[in-house]
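In: Got a sequence here, can you model it:
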Amino acid sequence: MFSLFKPKNPLVNNFPSNYMDLHSHLLPGVDDGSKSFEESLDLLKKLEDYGIQKIVLTPHIMEGVWENSRTYLEQRFQELQAYLKKEKFNAITLYLAAEYMLDSNFSTLLKEQQLLTVKANYILVELSYMSAPVNLYELLFEIQLAGYKPILAHPERYAFFHQNFKEYHKLKEVGCLFQLNLLSLSNYYGIDVQAISKKLLKENLIDFTGIDVHHRKHLNYLEKINNPSIVKLIQPILENNARFAQEG
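Out: Numbering: from 1, shown residues only. Predicted structure coming up:
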């Protein structure tokens, strides 16, 4: 029977082979993400169902809130790996990085220690949702001068850029890469974020995607994204994540 409705094509059925998710909060007990090893395993099993085989763990490092040291995160990562081995879960390869807030302490971290990278010299950074730091472009320059390549986490969620869209182009021009949250393609963060996400994609400003999973609610919402036009729009970026994972 002919139907006027397009068949549903859930986003979670479209992760390409070798897709690497670049943004997650699955390292338990270190920030606002997973609270336990058991919760992390539950989330990982669900992500396995989507066909995802590589995930970068990116716990927050934020002055006065989550002052996680590299040593502590590495220790916690080893503990998670040991737990997963005990539970005989090896379907997903995990990597440890961090999501660095560009706050007043970041320059100190940049000078004093080797940062936890997503891969090679790529680091994931974020901004306050209230406003961009006054020295944002100076920080981006410092990052690149130190030999790193900045990936800005969820640029679509910074409302202060929404009415000044040219700032997105300016950030790209100075070497900042963009990582879109897949949940932003729904109305999870609001219709304004959803609209900006589509615009960023249509103007070819997005480089990578990430689920930014913190808890099961995020995955439940992710499974509701099944608009064919949205899935088609994000597909090239999913493929780019896969290429990035394979690069030497």
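
In: What distance do you get for T93 to H25?
Out: According to CB to CB, to the nearest Å, T93 stands 18 Å off from H25. All C-beta atoms are positioned from the backbone trio N, CA, C, and that covers glycine.

In: How about K170?
Out: For K170, the distance to H25 - CB to CB - is 29 Å.

In: Neighbour count for the two, which is higher?
Out: Neighbour count, other CB atoms under 10 Å: between K170 and H25, H25 has more, with 23 against 13.

In: give the contact list for the closest residue in space to the more buried one that isn't next to it in sequence.
Out: The spatially closest residue to H25, leaving aside those adjacent along the chain, is G33, at 2.5 Å (CB to CB, 6 or more residues apart in numbering). For G33, the contacting residues are S24, H25, L26, L27, P59, V213, H214, H215, by CB atoms under 8 Å, 6 or more residues apart in numbering.

In: same thing with V56?
Out: M20, D21, L22, H23, S24, L94, Y95, L96, A97, V118, K119, L124.

In: Inside strands: which ones of those residues?
Out: When the contacts of V56 are checked against strands (DSSP state E), the matches are M20, D21, L94, Y95, L96, L124.

In: gap between the fourth one and V174?
Out: The gap separating Y95 from V174 is 27 Å, by CB to CB.

In: the more surrounded of those two?
Out: Set Y95 next to V174 and count neighbours by other CB under 10 Å: Y95 wins out with 19 against 12.

In: I'd guessed that one sits against K54; true?
Out: Yes. Counting by CB atoms under 8 Å, Y95 touches K54, with 7.2 Å between them.

In: between the contacts of G33, which is nearest M101?
Out: Nearest to M101 out of the contacts of G33 is P59 (CB to CB; 11.5 Å).

In: Show the contacting residues for the closest one.
Out: When contacts are counted by CB under 8 Å, 6+ apart, P59 touches H25, L27, V30, D31, G33, W66, N68, L73, A98, E99.

In: Can you classify the second one by secondary structure?
Out: Each residue gets one of three states, and L27 gets coil by DSSP: H, G, I helix; E, B strand; the rest coil.

In: State the phi and psi torsions of it.
Out: Main-chain torsions, L27, degrees, to the nearest 10: phi -80, psi 110.

In: What's the local residue count around it?
Out: Neighbours of L27 under the rule other CB under 10 Å: 23.

In: Can you tell me how far R216 is from I123?
Out: In terms of CB to CB, R216 sits 28 Å off from I123.

In: quick one, which of those two is more surrounded?
Out: Per other CB under 10 Å, whichever of R216 and I123 has more neighbours is I123, with 22 against 13.

In: Return the distance of the helix or strand bottoming out on mean pLDDT in the chain from the chain's centre.
Out: Least confident helix or strand of the chain, by mean pLDDT, DSSP states H and E, is helix 106-112 with a mean of 94. On the basis of CA atoms, centre = their mean, to the nearest Å, helix 106-112 sits 22 Å off its chain's mean C-alpha point.

In: Which other helices and strands does that helix contact?
Out: Applying 3 or more CB pairs under 8 Å, 6 or more residues apart in numbering; DSSP states H and E, one finds that helix 106-112 contacts helix 136-145.
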